[in-house]
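K.L.:
model the structure of this input:
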Amino acid sequence: MTHRKKNLTLEEALLPFDELNSDSDLKDIYIEPPDAAVLSDEDSAKEDEGGLSDNLSGCQLCVNVEISRKKNTENIILI
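P.N.:
The predicted structure follows:
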């Protein structure tokens with residue numbers, strides 16, 4: 001089993017997301033919550049536009065992310 005771990009921000013993880021999303025072995029994506037400097041449960045998008053990555057705040061884009069996938073029935077940390 002191989003582990004490769006690198007600290008990524010959400011912004012960095014979103015760059016290759018389409019490629020990772022098409023991976024059938026993708027198991028889990030964990031995104032740490034941002035620091036509560038400003039308490040809000042809203043993003044900057046209009047309600048009917050959905051949750052777009054372009055509408056995330058700087059605090060949200062700087063949180064740590066862990067992406068893992070399955071391979072040979074074992075979990076491998078991809079990024």
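K.L.:
point out where this protein drops to low pLDDT.
P.N.:
1-6, 16-25, 37-55, 71-79 (pLDDT under 70).
K.L.:
surely Ser68 and Ala13 touch.
P.N.:
No. Checked against C-beta atoms under 8 Å, the pair Ser68 and Ala13 is beyond contact range at 11.9 Å. Any C-beta I mention is one placed from the backbone N, CA and C, and that applies to glycine too.
K.L.:
isn't there a strand covering Ala36?
P.N.:
No. In this structure, Ala36 is coil, not part of a strand, as judged by DSSP: H, G, I helix; E, B strand; the rest coil.
K.L.:
got the contact list for the residue nearest to Cys62 when sequence neighbours are not counted?
P.N.:
Spatial nearest neighbour of Cys62, excluding adjacent residues (C-beta to C-beta, 6 or more residues apart in numbering): Thr9 at 5.1 Å. Counting by C-beta atoms under 8 Å, 6 or more residues apart in numbering, Thr9 touches 61-65.
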